[in-house]
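Chemist: need a structure here:
(2 chains)
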Amino acid sequence: MTTTTPPVTPTGAPRAPGDGARPAHRVRKVARRRELGACAALMTPFLLLLTLVFLIPVGTAVWLSFFQEDQPGLGFGPERTIFVGLRSYAAVLTDPTFLAGLGTVALYCLVYIPLMVVGALALALLLDAGVVRLRSWAQLGLFLPHAVPGIIAALIWLYLYTPGLSPVIELLGRADITVDLLGVHTVLPSIVNIALWSNLGYNMVVFYAALQAVPREVIEASTVDGAGPVRTALQVKTPLVRASIVMVAMFTLIWALQLFTEPMLLSQSTPMINSRFSPSMYIYDAAFTRNNYGLAAAASVILLLFTIALSYGVTRWTGRAGANEEAAR
Amino acid sequence: MPGLPGRRSVLGAITALPLAGALGACSGSDGNGGSRRSRGTGRATHVTFWSALRGSQEVVDEFNRTHDRIQVDFQQIPAGNQGGYAKLSNAARAGNAPDVATLEYPQVPGFAIDGVARDLTDLVDSAGGAGAGLREKLLPQALALTTFENRVFSIPLDIEPMVLHYRADYFAEYGLDVPRTWAQYEETARVIRRRAPERRIAIFPTDGGTQFAAYAWQAGARWFDTSRGAWNVSLADAPTRKVAAYWQRLADEDLVFMNASEGRQHDAQIGQGQVLTRLSGAWDAGAQMNARPGQKGQWRIAPLPQWDEDASRPAVGTHGGSTFAVTRDSRNPEAALEFIAWQVSHPDALRARLSSGASSQYPVAPALVAVGSEAFDRSYYGGQDIYRLFAQEAEKVRDGWTWGPRMTATQRLMQDGFARASGGQGSILDAVRAAEDGTMPDLRALGLATTRHST
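Modeler: Numbering: from 1, shown residues only, chains lettered A, B, ... in the order given. Purely as a prediction, here's the structure:
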């Protein structure tokens, strides 16, 4: 970036007053100032929003997690705000319900992310290969669920999952198949299903766009070399959209770690989803049922750090894997 | 790019929804006619009052009609578990809590610790003050439940000993005696299961944290003990383990249904006579009467079964019951307490409440029992004098029980466990242990002194 390069002095030219280099230097300085001005003007809205909706809330959460209104003993005395150190963090990390929530989300990610990435990529490859007729209609149909807000999606699926309301369960019931889609073991797959339905189309479009950018000559070359459509898709196209795959996996991961809307809504109708089902629900419950803002803030900070660490890990790992592949080639 | 609608419009649709909800919530809580509103003309002191209790509007109207100096502005709010408590704590945080709030017994310590409920000891004990003589008018065992470290944080309205509601018609048909001990109750359950395979003696409510607490309380459990200046937590103590094992056995042998007590399923079970007893507070007699007028004459009420055949001192726990707290931010605590005192101890208050529909709440002020008894239509219970029974049972409420500082969360954890147990995962005792495990970090994070005793 030009703004970060140190000012360049003309080399070799003696810096005498009244020298010809001086006006050039001034011009450059002016240009640089203008550039800085434009930079500031363009960055300000972003920085302002970043501060308002990210830095200040995060700062508040961090403050809340370290300072609390305390009363000694049984807690009925007058309260005063004191520094409590890592007490809230220790409480969160020793809380079996929080750890169980993390476990639930980990399992959810393990099931959901591969399904999502493989499913979206497969659909995009099918569309790109021209296997599907009425391509734009198929795209629209697949994308449409993404336009439905998450809470509405959860409501629709809640209707389809609830025994006594759901036409699906009734139809299956007529065929003597009883399914409890909100049971102990089925509730997580049910949530995965909602998330897949909502986001598959969107990620498919991302992959499809990336595939459009694959040079046609490469595809033609592979066809000439005798690769069938499947081989072309898997061994030529897929490696070429690798960057998109990493990006989609990462966004899906970040999104999945914040699992909240679907289980929150489903919890209305099944006791199998408790009020601390996922870390985000734990945070909500800590703040608004338990009035324990310190605990909620500490859990939020932990979830944030966890998300950052995982995202960083994924980027590093895929980056290195990519480099290795390049080297092997 | 073909087929990609504006991402921004999608985002807009997603973000607009919760935002609209949040705005709605804000404007909702603004419309409370809060205590900060400038007072009207005249000399009357205004007191704001929030409650989810039925008949509160009638009580307030009667109070305003008979009082000049104090006028009450009432707002009906959702029941505690449906957002009423969240509303109260948010209002208290924002500094616009009402002067008088309604709390159920389990929530009193939590709101006292959070500084929402005001310490009323001085007002209650000062001679000539707003609450003078109030202590003597109320059952001491009720007041003990709202007193911590010898300080009163809330004034009880009703105390609800758990009783046995039973279907007299089926008991007669199957030749059953009313069980007096839990052993007899289990035996009765077996007979019912044998005689009528589609019927059961009761349900084990998977959403019944308060019922289970009442069972444990009766058996002598002390989940939270505040001696030695700390919250000594022992949810899975010996009496509780006994109670858990008992109900686990009944559930395992399919002698009780195991499902939620709120919702259509349980409605149907009671309505269709599939469940022959209900274990609940005295208030439930009136609730049953309102909910199912068609079952008139079929139900009777008996004392809760006891653990020992020849107990010289029978014991019960309570299930339900409400109290009134004055908030810390109240500008007129004396007027607020005067309103509360009238509400819990004046016959007119109870008459006004009963005018909104039948109720069998058992008043904490013994002087009001006659009023309630008189107003109650006995024919639903075949002429039984249920108030005399409640009076006996209220005397048996076991001393020494204390609710915990985060009871809503503790109960919810327990109920999550009960629900899992009903789905075949874990046991009732596991649910109790999980509730304790999940409660401790909470209390520690609040900075309370705690110890743990359960094994």
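Chemist: For the rest of this, base every contact and every neighbour count on C-alpha atoms.
Modeler: OK.
Chemist: Helix or strand: which one has B:N90?
Modeler: helix B:84-94 (DSSP states H and E).
Chemist: Only alpha carbons, please: show that helix as PDB.
Modeler: Extracted in PDB, the C-alpha atoms of helix B:84-94 (Å, rounded to 0.1, in the frame of the first residue of the first chain):
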ATOM      1  CA  GLY B  84     -42.900 -11.500  34.000                       C
ATOM      2  CA  TYR B  85     -39.700 -12.000  36.100                       C
ATOM      3  CA  ALA B  86     -37.500 -11.000  33.200                       C
ATOM      4  CA  LYS B  87     -39.600  -7.900  32.800                       C
ATOM      5  CA  LEU B  88     -39.300  -7.000  36.500                       C
ATOM      6  CA  SER B  89     -35.500  -7.400  36.600                       C
ATOM      7  CA  ASN B  90     -35.000  -5.500  33.400                       C
ATOM      8  CA  ALA B  91     -37.200  -2.700  34.700                       C
ATOM      9  CA  ALA B  92     -35.200  -2.700  38.000                       C
ATOM     10  CA  ARG B  93     -32.000  -2.400  36.000                       C
ATOM     11  CA  ALA B  94     -33.400   0.400  34.000                       C
END
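Chemist: Contact residues of chain B facing chain A?
Modeler: B:1-4, B:10, B:13-14, B:86, B:89, B:112-113, B:115, B:148, B:226, B:229-231, B:406, B:408-409, B:412-413, B:416, B:419-420, B:423, B:425, B:437-438, B:440-442, B:444-449 (C-alpha under 8 Å from any C-alpha of the partner chain).
Chemist: again, only using 7 Å
Modeler: Selection of chain B residues close to chain A by C-alpha under 7 Å from any C-alpha of the partner chain yields B:3, B:10, B:13-14, B:86, B:112-113, B:229-231, B:406, B:409, B:416, B:419-420, B:423, B:437-438, B:441-442, B:444-449.
Chemist: returning to that earlier point: give me the buried positions along the helix or strand following the helix holding B:N90.
Modeler: Next helix or strand after helix B:84-94 toward the C-terminus (DSSP H and E): strand B:100-104. Of all the residues in strand B:100-104, those buried under the rule 16 or more other C-alpha atoms under 10 Å in any protein chain shown are B:100-104.
Chemist: so for the helix or strand following strand B:100-104, what's the average pLDDT?
Modeler: Moving toward the C-terminus from strand B:100-104, the next helix or strand (DSSP H and E) is helix B:108-113. The pLDDT scores in helix B:108-113 average 94.
Chemist: List the contacts of helix B:108-113.
Modeler: Helix B:108-113 is contacted by residues A:75-76, B:117-118, B:146, B:153, B:403-406 when judged by C-alpha atoms under 7 Å, 6 or more residues apart in numbering or on different chains.
Chemist: Same question for stretch B:441-455.
Modeler: For stretch B:441-455, using C-alpha under 7 Å, 6+ apart, the contacting residues are A:70-75, A:87-88, A:91-92, A:94-95, A:292, A:295, B:230-237.
Chemist: and B:S330, what does it touch?
Modeler: B:D99.
Chemist: Local confidence estimate at it?
Modeler: 94.
Chemist: Repeat that for B:L134.
Modeler: Value for B:L134, per-residue pLDDT: 89.
Chemist: need the contact list for it.
Modeler: B:L134 touches B:124, B:341, counting by C-alpha under 7 Å, 6+ apart.
Chemist: what about 10 Å?
Modeler: With contacts taken as C-alpha atoms under 10 Å, 6 or more residues apart in numbering or on different chains, B:L134 has the following neighbours: B:123-125, B:155, B:337-338, B:340-342, B:344-345, B:365.
Chemist: So the spatially closest residue to B:F376 that is not a sequence neighbour, which state does it fall into?
Modeler: Among residues not flanking B:F376 along the chain, B:A358 sits closest, at 6.8 Å (C-alpha to C-alpha, 6 or more residues apart in numbering or on different chains). Judged by DSSP: H, G, I helix; E, B strand; the rest coil, the three-state class of B:A358 is coil.
Chemist: Neighbours of B:A358, how many?
Modeler: Number of residues near B:A358 (other C-alpha atoms under 10 Å in any protein chain shown) recorded here: 19.
Chemist: Could you tell me how many residues sit around whichever residue of the stretch 101-250 of chain A sits closest to chain B?
Modeler: Proximity of the stretch 101-250 of chain A to chain B (C-alpha to the nearest C-alpha) peaks at A:P149, 4.9 Å away. Number of residues near A:P149 (other C-alpha under 10 Å) recorded here: 18.
Chemist: ok so, going back, put the buried members of the contacts of stretch B:441-455 into a ChimeraX selection.
Modeler: Filtering these down to the buried ones (16+ other C-alpha under 10 Å) takes a single ChimeraX command:
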select /A:70,71,72,73,74,75,87,88,91,92,95,292,295 /B:230,231,232,233,234,235,236,237
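Chemist: among the contacts of stretch B:441-455, which are in helices?
Modeler: The helices, defined by DSSP state H, take in A:87-88, A:91-92, A:295 from those.
Chemist: near chain B too, which of those residues?
Modeler: A:87-88, A:91-92, A:295 (C-alpha under 10 Å from any C-alpha of the partner chain).
Chemist: what residues go with each domain of the chain?
Modeler: You didn't pick a chain, so chain A it is. Domain assignment for chain A, taken from automatic domain parsing, gives A:23-71+A:79-85, A:95-328.
Chemist: ah, no, chain B please
Modeler: If you go by automatic domain parsing, chain B breaks into B:37-153+B:322-360, B:162-318+B:392-452.
Chemist: Which of those domains comes out lowest on mean pLDDT?
Modeler: domain B:37-153+B:322-360 (a mean of 90).
Chemist: how distant is that domain from the center of its chain?
Modeler: 16 Å (C-alpha atoms, centre = their mean, to the nearest Å).
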